[in-house]
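Asks: make a model of this:
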Amino acid sequence: MKYCTRCCYPQNTRPPMTFDEKGVCNGCRASEQRRNQPVNWEDKRNELKKILEQYKEIAKKNDSAYDCIIPISGGKDSHYQVHLMKNIFGMNPLLVAYNHSFNTKVGIRNLNNIVEEFGCDLIRFTTNPKTAKKLSKYMLKKVGDITWHYHAGIHTFPIQVAVNYNIPLMIWGEHGEGFLYGMHNLEDKVEFTKKHRQEHLMRGFEPEDILDDPNNTEITKTDLAPFYYPPDEKIAQLGLRGIYMSNYFPWDEVEHTKLMIDDHGFETFQNRETSFNLYSKVEDFFQDTHNYLKYLKFGYGRVTDQVSTEIRSQRMTREEGIEYIKKYEHNIVPNNLAAFLKFIDLTKEEFLENIEHLRDTSMWNKNKNNEWEIKDWIGNHLTDKGIEESRLTIKEKWVSLKSEKYSSPRKPLQPNNGEDMVFL
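Replies: Just a heads-up that it's a prediction; the model follows:
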């Protein structure tokens, strides 16, 4: 397998990346553009301000109580987006959340904190645990993604709310595929589209595809209610627009998280089994199992995403990143998996059998005992040709970000480190 000579991504990423003549991936090159090319961020901020002023006027004409919608999960990015809209630009956002049912108590506290800290109204759709179980079990076998309903919910239910409340502007954080994998650069000024939602965020599935599947015997139209995208004519009539804040700001999640911890009560995990990162995806109880599935399919997981971001941000060396991958990702089975198997009523053998057809055979092969073995990993590429030439200098040493326990002044639900799952 070919690996980037700057970060830690393999060539078989999803979506796929290309490598230039120096062996550097296009995700690293896109990040380099944001950091090193002369980008006038003040101009971009002013451009955003004009857009927001335009939609404030539209809200007034519509006699709307809200200027925009912010889809939130309660995480660090949600906090930062709401901070921007309320505190910096003086908007009156309506917050919309999709409750996937697999919550941590830290995540619930953070969601409550956003509403209280910034004084915003919230609409939240809650999928019941029985439906969450059916959807997770179905999508595990189809695409190896137990969190499909998370992505489908947060990228569809807020659109339904926008149409119902006649609010034509939506505020998103960073464009994930563009930010990590270089799918888009700043000049593209990419905005939210139904096409991107379907092809990447929903793995190509719409609710109708599930209902039309002859092998589906459990999932009903009611189960899929929050995932139906409004008709194109309603979207066009509303003039709905979704903009990404990463098009207007340098978008450094470490700096954002520091600010949200210090000034706005965002709470991190206190410890974590499968990552050095204590502040990302703290609202998702089964994130560890989700990461493990990614590793089983492609031979790399979320830690690779995280260290590659830090390498590009010039806070971590490639060698340090590989050590984190070795400790938290490579051949690591999370304890969290046992809780998921109990919830979904599967044995580990059945779990692995469900994703048999999803293994990337450019990364995995079966040995003489008919067991899957990984062919290669980043640890075998410490001294590849071109690494020194592609290396970035360290500008700021990476340090762990961890809030004081219950950094919010509000009373916590009960003492915990986020290990317990809650449905509501």
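Asks: how many neighbouring residues does the closest residue to residue 240 other than its chain neighbours have?
Replies: Excluding its sequence neighbours, the residue lying closest to residue 240 (C-beta to C-beta, 6 or more residues apart in numbering) is residue 168, at 5.2 Å. C-beta here means a position set from N, CA and C on the backbone, and glycine is covered the same way. Around residue 168 there are 22 other residues, counting by other C-beta atoms under 10 Å.
Asks: now do the contacts for residue 168.
Replies: With contact taken as C-beta atoms under 8 Å, 6 or more residues apart in numbering, residue 168 is in contact with 55, 58, 162, 238, 239, 240, 241.
Asks: in strands, which of these appear?
Replies: Taking DSSP state E, the ones among the contacts of residue 168 that sit in strands are residue 241.
Asks: which one of the contacts of residue 168 sits in the busiest neighbourhood?
Replies: In the contacts of residue 168, the most neighbours by other C-beta under 10 Å go to residue 162, 26 neighbours.
Asks: is it true that that one touches residue 241?
Replies: No: Residue 162 is beyond contact range of residue 241, at 9.7 Å (criterion: C-beta atoms under 8 Å).
Asks: so what sits against both of the two?
Replies: Taking C-beta under 8 Å, 6+ apart as the criterion, residue 162 and residue 241 both touch 168, 170.
Asks: what are the neighbouring residues in contact with the closest residue to residue 163 other than its chain neighbours?
Replies: The shortest distance from residue 163 to any non-neighbouring residue, by C-beta to C-beta, 6+ apart, is to residue 230 (4.6 Å). By C-beta under 8 Å, 6+ apart, residue 230 lies in contact with 159, 160, 163.
Asks: can you list those residues in CSV and add neighbour count?
Replies: Formatted as CSV, the contacts of residue 230 follow (neighbours: other C-beta atoms under 10 Å):
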residue, neighbour count
159, 24
160, 19
163, 18
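Asks: between the contacts of residue 168, which is nearest residue 74?
Replies: Of all these, residue 74 sits closest to residue 162, with 19.7 Å by C-beta to C-beta.
Asks: mind checking how far that closest one is from residue 41?
Replies: Counting by C-beta to C-beta, to the nearest Å, the separation of residue 162 from residue 41 is 28 Å.
Asks: now do residue 12
Replies: Using C-beta to C-beta, one gets 34 Å for the distance from residue 12 to residue 41.
Asks: which phi and psi does the closest residue in space to residue 175 that isn't next to it in sequence have?
Replies: Spatial nearest neighbour of residue 175, chain neighbours left out: residue 244 (4.8 Å); criterion: C-beta to C-beta, 6+ apart. The phi/psi pair for residue 244 (degrees, to the nearest 10) reads phi -100, psi 130.
Asks: roughly how far is stretch 174-193 from the heart of the chain?
Replies: Computed by C-alpha atoms, centre = their mean, to the nearest Å, the chain-centroid distance of stretch 174-193 equals 14 Å.
Asks: contacting residues around it?
Replies: 13, 15, 17, 25-31, 33-34, 39, 77, 170, 172, 196, 200, 241-247, 251, 305, 308-309.
Asks: go through stretch 250-269 and flag the buried ones.
Replies: 251, 253-254, 256-258, 260-261, 264-269 (16 or more other C-beta atoms under 10 Å).
Asks: first-to-last residue distance for that stretch?
Replies: End-to-end distance for stretch 250-269, by C-alpha to C-alpha, to the nearest Å: 25 Å.
Asks: show me the contacts for residue 333.
Replies: By C-beta under 8 Å, 6+ apart, the neighbours of residue 333 are residue 292.
Asks: any idea of the pLDDT on the residue positioned nearest the centre of the chain?
Replies: For the chain, the residue sitting closest to the mean C-alpha position, by C-alpha atoms, centre = their mean, is residue 176 at 6.9 Å. Residue 176 is assigned 79 on the pLDDT scale.
Asks: again with residue 263
Replies: The confidence metric pLDDT takes the value 96 at residue 263.
Asks: on that earlier part again, next, the residue nearest to residue 163: phi, psi?
Replies: Backbone torsions of residue 230, given as degrees, to the nearest 10, read phi -60, psi 150.
Asks: Three-state assignment for residue 170, please.
Replies: In three-state terms, and counting by DSSP: H, G, I helix; E, B strand; the rest coil, residue 170 is strand.
Asks: let the chain start at 13 from now.
Replies: New numbering, starting at 13: the last item is residue 182.
Asks: that one against residue 83, yeah?
Replies: Yes: the criterion here is C-beta under 8 Å, and residue 182 meets it with residue 83 at 6.8 Å.
Asks: between the two, who's got more neighbours?
Replies: Neighbours per residue (other C-beta under 10 Å) separate residue 182 from residue 83, with residue 83 holding more: 25 against 22.
Asks: okay, and that one sits in which element?
Replies: strand 80-84 (DSSP states H and E).
Asks: hmm, back to that, what pairs with the residue nearest to residue 187 across the strands?
Replies: When assigned by DSSP bridges, residue 256 has beta-bridge partners residue 184.
Asks: from residue 56, how far out is it?
Replies: 12 Å.
Asks: now swap in residue 348 and tell me
Replies: 39 Å.
Asks: who has more neighbours, these two?
Replies: Remark: of residue 348 and residue 56, residue 348 carries more neighbours, 20 against 16, as counted by other C-beta under 10 Å.
Asks: contacting residues around that one?
Replies: By C-beta under 8 Å, 6+ apart, the residues touching residue 348 are 285, 286, 297, 298, 299, 300, 301.
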